[in-house]
Each structure stands twice: as C-alpha cells, then as structure tokens.
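Trainee: generate coordinates for the sequence data below:
(2 chains)
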Amino acid sequence: MSNETFFNNDWFALQRKYWDNWTEMSSKAMGMEGAKLTTPWEGALDHWWQAMSPAAPDASKAFMEKMMEQGKAFFRLAETFGARTGDDNATNGLAFWTKAIEDMQKRFTGSVDDGGNAAQRMMSFWELPLDNWQRMMSSMSPMPGDFLRNMPHDQFKGNLDRVLSAPGLGYTREEQGQYQELMRRAADYQTALQEYTSFYNRLGMKSVERMGGYLQEVIDSGKSIDSARALYDNWVNCCETVYAAEVATPEYAQIHGRLINAQMALKKRMSIMVDEQLGAMNMPSRSEMRTVQDRLQESRRENKQLRNRLHALEKQVAALAGETPSSPPTALKAAAPVVATPAAKAPVRRKPVAKPE
Amino acid sequence: MIPIDIRPDKLAQEMLDYSRKLGQGMENLLNAEAIDTGVSPKQPVYKEDKLVLYRYDTPEGVTPSAVPLLIVYALVNRPYMTDIQEDRSTIKGLLATGQDVYLIDWGYPDQADRAINLDDYINGYIDSCVDHLREQLGVDKVNLLGICQGGVFSLMYASMHPDKVNNLVTMVTPVDFKTPDNLLSAWIQNVDVDLAVDTIGNIPGELLNWTFLTLKPYSLMGQKYINMVDMLDDPAKVKNFLRMEKWIFDSPDQAGETFRQFTKDFYQRNGFINGGVMLGEREVDLKNVTCPVLNIYALQDHLVPPDASRPMKGLVGSEDYTELAFPGGHIGIYVSGKAQKEVTPAIGKWLNERS
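Mentor: Numbering: from 1, shown residues only, chains lettered A, B, ... in the order given. Here you go, the predicted structure:
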C-alpha cells in the first residue's frame, strides 16, 4: 500500500529530523552558555505528537498516547525543578515542597486558581485513577465524558432539592415524577463523584507531605537526588505508598461503593425512562428482553439436563444389550475431530467401556 | 545540604536522551503492528455456545499421559496468558512434561449470555468438556488445572463431581476472600452488586480493568510507560511489552448472573469459609474434594494474597494435599523465566507421579 511506503520511509525520516533539529536547538538554548532551562518540553512533546499522530496506525495509537501522557508528566516534574535551579531559594528541594504544600492547600480550599502554577499542573498525576474512572464511565454512557464532574455542586444541589420537592401536576404528573427522580439520582451521583474527587485531593496533599519527609531523609543521609528520573521514581513510590495505605481504609471502601452505587442508580433510572419510550413506540424494551433471556436460559438448562439423562439411559440400554454406545452425548457437539500433528503420538488409553451411571 | 541537586546541564541531557529514545524507538513501536499471542499449535475439539475446547499438539518425542489435563481459566481476561510467547509458556512447559493438555476458552460473553449463572458454567460447560474428554478418550477421570477464578470453578467442580477428577491443581486460587490484605474484597463490600447487575446486565470489562489498575494506579498507569521508553530500541522487548499490554486490556465482559453470584457468594459472603454456596439445588462442600490437590500460590500476589489461598488445606477433604509457594506475582507465576523453570516442571512431576 502507498501508505505503508510513506509510513516506512517519509514518516520516520520526518520524525527523526524533527527530533534531531529539536535536540540541536535545545542544546544551543541551554547547554554551553549555561542558560536557564526555560524550554517548554511538555509543549514540544505535545506539538510533535500532534504532528505525527495522524500517520500512526490505530493499533499503536492508544498505547503511544499513554506514553505521551506519561512522558509529559515526567517532563512536567523535570521542568518544574529545572526552572527553579537558577533560584537560590528554590534550589533547596525541601523549600519547594513546602511551597507546593501551601499551594495545594490553597487550591483545595478554593482560594486559588492559578492555572499556570507548576504544582497545580502536577496535580494531574494524582488524578490518574479518577481520570481512568471518567474514561471508563464515558465508554458506558451516552453522555460524552463525565458531564457532571465540573458542575457547580452546592448551589446546584440546594436549588435542585427545592425544585424536586414540588409535586407534579396535571396530565403529565407521572412524567414529571420520572424526571424528578432522574434529577435526584443525578444529584446523588454528583455528590458521590465529588466525594471521590475530594479523596484524591487529600491523597495528593499526603503524597506531597510524604515526599517532604523523604527529602528530609535524603538530607539527613548526606546524599542528594541528582537526576530527574530518580526524582520521578521516588515521587511515584511516595504516591503509591500513600495510596496503598489510604485505599485500604473502611472510609475509602465506603466512598468507592457510594460512587459505583450512585452511578448505577442513575443509569437504572435512565434505563427505565428509555424503556418507557420504547414501549410508547411499540418496540421491545430492555426489561422485556431480559425476561425472554431468563426464560430462554432456563429452557436451555432443562433441555441440556434432559439430553444428558437421555444419553445416560442410552448407555444403560446399550450396556444391557451388550453393545457399545456409538455416539457422544447429544448435548455435546464436536466442533472438529482432534487433529494430531504428524509429530504427536497418540496417548495410550484403555478402550471405552459402557457402564450404567 | 540540598536534597534535590539536579544541575541544569544534566537535566537538559536527561530530557534530551528521553526525547531522542522516544523519537528513535517510535519506529520499533509502530512496526510492531500485529501482536500475536498463543504460540503453541492447538486444535478445537469441542464447541458449545461461545466456549471452545482446544487440544494442544503434543511435541515431537513426547508420549502424552493417558489422563488428559484440562485447564480451566478465569472468566476475567483471556487464557492466552498461559501461552503468551515462545519462551514464556506454561502450556509449552506442561506439554514438555508429557501432559495431554486441553484448555477451555470461554470466549466473549455478550448480552445474550447475561442469564448464564455459576451452575451453568460449572455443572454445564465444564462438565460438558469433562464428559467430552471422558467419552472421546475413554477415560473415567481427568486432571484439572484451575487458574485464579478458574481455580475456584475447579474446586467447585471437583466437589460436585469427585468421580470425574483424578488430580486437581489450583494456581493463584483464593478460598478465603476476606483476608485483611485483599483490597479487591475490601472495595466490593459496599457495592450493591444486585443494583449493578440489574442495571447494566453484563459487567463491562472496562469496569474490571479500572478496578485492577486502581490497585496500583501510579505504577500501572504512569511509571510503566516511562520505563517503556528505555526498552524502545529493542524490537523484541517492544513486542513483548505490547503483547502483555494487549492481554491486560483484553477483558471480556462478565455474564451478569455469574458475576452477581460469584461476587456475593465469595467476595461478600466468603462462601468457602462460611458455607452456603449453591449450584442449582446442591450446596458446594469442599470436603468432597478427595482427589490429590496441588495448590500453587504466589508470595507477591496483590490480587490473590497467599493468605487467601493457603486455607485450602483445611477446607478440602483430600489426604494428599501439596502446596507450592512461588516467589513472584500473580502474572509472574506464568510469564517469568523463574516460573518456566520451577512451576511448570513441578506441576508435571506432581501429576506424573499420580496419573
């Protein structure tokens, strides 16, 4: 295919050239002259991937995107410290972490929303499980993404409670009741989601505190972390340790359960309403289909039992008549004969003997 | 003392190296398009609904055992983990020890399979496969090897049909589902399983993936992709990584009624310990498992902790019970080089001594 020719030759040549040029340019920018590291690595990686990804085959694209995402997280961490190496105060990593804790505390309490803040951008790392939840739910939902996550919660819920407390009136009161119930479930889910999000926010803070403790240990040992990779690996270890302790608590088990239960309750309410619409259009509903599935499975179960019993009886009759049953149970449909390769030796087995069961 | 002392030039070099590896290695990554899994030759010998029973070809120079070995894999993920690549294959190792290996591939359940329950899987599908082997090969009993959830299935099967099981091998199989170090169990306690199954029918593989990944999210969703960059220049390593990645995310949906019963009976009610697990109209009693049992668990298993598996000894009725503790994890017990040398030969030897 012509695409393959392009892919194998031009595309690779292009992306190699991009990195070579980038390397050369970056070296000039920060290497010999001792310039401060201000290069937007994360942005460069993003830009490169945007240019190259359309040509990448679908089979590898999702995987490479994960590498891009984590590469950016890695670059972010390195960039944060790189940008601070020229600052006398900030070169002390402990001071940075102290500052990071303060930044996060402000952010979590809602008193700051500085989108460019390095600590805030690093927050996305803690939200990996949350991000994964949203992607997973998105794949199961007719709504794109998790549409409730960023909805203002307190005001929304307060007003909603008032609206939902009003009884339905007139010809459509049943329908009004359905929508009110749907909104209640949506509000419950939003509450559970925000509780889950808050858990990860607290987790982030504890991870930063633990990293601070680790840095203190590094100071006490008289050593230092001298590479971005070592910093990143220690950072992951701290996060993983804190996470393991926190998710083993009964509190987390309850938060986790409430999130899933609230999501399922919302989906169930949506399914009921969809079923009603299908019924109105004289189409089979999901609940009707399930009833059919249950009855069908029960019939298949009984059918199989009967066939097995019949086969057992056939074997008994054959044994009484001194014959060898010639066929396998009717329940068993051989897909294909056992095909032995020329190299395979046949197993040594006794001959089948019919016997009553 | 400065705890973080990364010089600008060193940082720049480190980041440039990373970028260059990524750029250069991308070619290997993109060339590794087709990911092949399941390397040993096999033939389908029986089909029922979405289930396919395979027989693996016996290698040249090996005389297969008279008693077939039936492998019962979990419903979660796909069974090609046992045969994932040429030099990492439990199947291949078992064949080399003279086992006549059969494996159940459960397929991918869809909504039409929602009503299939545990009884259907164990007294239906597994029993059909066992009967097929007994009829076709002219043997009274088979050897069973159950893996993880498949081990639970195998235990139940052996307790219900002791007359059809010659030997039972369980790998990373839980029997006590409420040990303190079992995160999966802790998380499921507050989930309304009835509501979930009633709502969505089958349980999506994505939901299970999310659960497994969140056991160690920063390592499994982040760090491993950074580590991967260091391997990008080696096409073989890239291929192996992608093969494992494919397996991890190749998660079939779970038939709703089976998920409901399995989760409630075992994770929430700890049925092997407390009793009360019903298959159809019969109660499961592990004391009926009287055949020889080899129980293999992994010491660093974060999905089935050793303490979840070890109580099997006191639960089964067998007088010939053997344990094998493997120094590795839940997946390493199949794919690590150490497992190829230690685990598979040990299974073969144990079976050969009893078949």
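Trainee: contacts, neighbours, all on C-alpha from now
Mentor: Noted.
Trainee: now check stretch B:199-215, is it near chain A?
Mentor: Yes - judged by CA under 8 Å from any CA of the partner chain, stretch B:199-215 and chain A are in contact via B:199-200, B:206-207, B:210, B:213-215.
Trainee: against chain A, how distant is residue B:315?
Mentor: When distances are taken as CA to the nearest CA, to the nearest Å, residue B:315 and chain A turn out to be 27 Å apart.
Trainee: how many residues are close by that residue?
Mentor: By the criterion of other CA atoms under 10 Å in any protein chain shown, residue B:315 has 16 neighbours.
Trainee: now it: how far from residue B:354?
Mentor: Here the criterion is CA to CA, to the nearest Å. By it, residue B:315 lies 21 Å from residue B:354.
Trainee: do the same with residue B:169
Mentor: 12 Å.
Trainee: and the residues of stretch B:199-215 next to chain A as a markdown table, adding pLDDT?
Mentor: Formatted as a markdown table, those follow (pLDDT from 0 to 100):
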| residue | pLDDT |
| --- | --- |
| B:199 | 95 |
| B:200 | 93 |
| B:206 | 88 |
| B:207 | 88 |
| B:210 | 85 |
| B:213 | 87 |
| B:214 | 87 |
| B:215 | 89 |
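Trainee: wait, which of the residues you listed is closest to residue B:15?
Mentor: Minimum distance to residue B:15 across these is 27.7 Å, recorded for residue B:213 (CA to CA).
Trainee: any stretches of chain B with poor pLDDT?
Mentor: Within chain B, the ranges that satisfy pLDDT under 70 run B:1-2, B:32-33.
Trainee: kindly recompute the last result at 50.
Mentor: Counting by pLDDT under 50, not a single residue of chain B qualifies.
Trainee: where do the strands sit along it?
Mentor: Counting by DSSP state E, one finds strands in chain B at the ranges B:42-48, B:51-56, B:68-72, B:83-85, B:88-89, B:100-105, B:142-147, B:165-171, B:278-279, B:282-283, B:293-298, B:321-326.
Trainee: would you format these as CSV with mean neighbour count and distance to chain A included?
Mentor: Formatted as CSV, the strands of chain B follow (neighbours: other CA atoms under 10 Å in any protein chain shown; distance: least, CA to the nearest CA, whole Å):
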stretch, mean neighbour count, distance to chain A
strand B:42-48, 20, 5
strand B:51-56, 22, 7
strand B:68-72, 26, 9
strand B:83-85, 21, 18
strand B:88-89, 23, 19
strand B:100-105, 24, 8
strand B:142-147, 25, 12
strand B:165-171, 25, 15
strand B:278-279, 18, 13
strand B:282-283, 12, 15
strand B:293-298, 25, 20
strand B:321-326, 17, 23
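Trainee: out of those, flag the one nearest residue B:136.
Mentor: Taking CA to CA as the criterion, residue B:136 comes closest to strand B:42-48 out of these, the separation being 9.9 Å.
Trainee: which elements pack onto the closest one?
Mentor: strand B:51-56 (3 or more CA pairs under 8 Å, 6 or more residues apart in numbering or on different chains; DSSP states H and E).
Trainee: how much space separates residue B:281 from residue B:267?
Mentor: Here residue B:281 is placed at a distance of 21 Å from residue B:267 (CA to CA).
Trainee: more neighbours: which of these two?
Mentor: residue B:267 (21 against 7).
Trainee: helices of the stretch 201-350 of chain B, start to end?
Mentor: Counting by DSSP state H, counting those that start in this stretch, the stretch 201-350 of chain B forms helices over residues B:205-213, B:217-218, B:224-229, B:235-249, B:256-262, B:271-274, B:306-309, B:312-315, B:332-335, B:337-354, given from the N-terminal end onward.
Trainee: got the buried residues for the fourth one?
Mentor: By that I understand helix B:235-249. When burial is assessed from 16 or more other CA atoms under 10 Å in any protein chain shown, helix B:235-249 yields the following buried residues: B:235, B:238-240, B:242-244, B:247-248.
Trainee: in CSV: these, plus distance to chain A.
Mentor: Compiled in CSV, the buried residues of helix B:235-249 are given as follows (distance: CA to the nearest CA, whole Å):
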residue, distance to chain A
B:235, 14
B:238, 11
B:239, 11
B:240, 14
B:242, 8
B:243, 12
B:244, 12
B:247, 13
B:248, 12
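Trainee: can you list the residues of the stretch 151-300 of chain A near chain B?
Mentor: Residues of the stretch 151-300 of chain A lying close to chain B (CA under 8 Å from any CA) are A:215-216, A:218-219, A:222-228, A:231, A:233, A:236, A:239-240, A:244, A:247-248, A:250, A:252-254, A:256-258, A:260-261, A:264-265, A:267-268, A:271, A:293-294, A:297.
Trainee: what subset of these is buried?
Mentor: Burial by neighbour count, 16+ other CA under 10 Å: within these this picks out A:215-216, A:218-219, A:224-225, A:227-228, A:231, A:233, A:236, A:239-240, A:244, A:247-248, A:252-254, A:256-258, A:260-261, A:264-265, A:267-268, A:271, A:293-294, A:297.
Trainee: residues in contact with residue B:296?
Mentor: Residue B:296 is in contact with B:169-173, B:323-326, counting by CA atoms under 8 Å, 6 or more residues apart in numbering or on different chains.
Trainee: which members of those residues are the farthest-apart pair?
Mentor: Pairwise distances across the contacts of residue B:296 peak at 14.2 Å for B:169 and B:326 (criterion: CA to CA).
Trainee: biggest helix in the chain, by residue count?
Mentor: I'll assume chain A. Among the elements of type helix in chain A, defined by DSSP state H, the one spanning the most residues is helix A:173-221.
Trainee: ah, no, chain B please
Mentor: From DSSP H, the single longest helix across chain B is helix B:8-31.
Trainee: just confirm yes or no for that one near chain A.
Mentor: Yes - in this structure, helix B:8-31 sits against chain A according to CA under 8 Å from any CA; the contacting residues are B:8-12, B:14-16, B:19-20, B:23-24, B:27, B:29-30.
Trainee: in strands, which of the buried ones among the residues of the stretch 151-300 of chain A next to chain B fall?
Mentor: Taking DSSP E, every one of those sits outside strands.
Trainee: so residue A:293 sits against residue B:112, correct?
Mentor: Yes - if you go by CA atoms under 8 Å, residue A:293 and residue B:112 touch, sitting 6.7 Å apart.
Trainee: chain center to stretch B:298-315: distance?
Mentor: Between the centre of stretch B:298-315 and the centre of its host chain there is 14 Å, according to CA atoms, centre = their mean, to the nearest Å.
Trainee: ok, stretch B:109-120 next?
Mentor: Between the mean C-alpha position of stretch B:109-120 and that of its chain there is a distance of 20 Å (CA atoms, centre = their mean).
Trainee: and residue B:294, how far from residue B:198?
Mentor: 38 Å.
Trainee: again, but for residue B:143
Mentor: Relative to residue B:198, residue B:143 is positioned 37 Å away (CA to CA).
Trainee: let me see the backbone angles for residue A:304.
Mentor: Residue A:304 has phi and psi values of phi -70, psi -40 when expressed as degrees, to the nearest 10.
Trainee: against residue B:140, how distant is it?
Mentor: Plainly put, residue A:304 is 21 Å away from residue B:140 if you go by CA to CA.
Trainee: export stretch A:307-315 to PDB, keeping only CA atoms.
Mentor: Extracted C-alpha coordinates of stretch A:307-315, given in PDB (Å, rounded to 0.1, in the frame of the first residue of the first chain):
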ATOM      1  CA  ARG A 307     -30.300 -34.700  26.900                       C
ATOM      2  CA  ASN A 308     -27.700 -35.800  29.500                       C
ATOM      3  CA  ARG A 309     -30.300 -38.000  31.200                       C
ATOM      4  CA  LEU A 310     -31.300 -39.400  27.800                       C
ATOM      5  CA  HIS A 311     -27.700 -40.200  26.900                       C
ATOM      6  CA  ALA A 312     -27.200 -41.900  30.300                       C
ATOM      7  CA  LEU A 313     -30.200 -44.000  29.600                       C
ATOM      8  CA  GLU A 314     -28.900 -44.900  26.100                       C
ATOM      9  CA  LYS A 315     -25.700 -46.000  27.600                       C
END
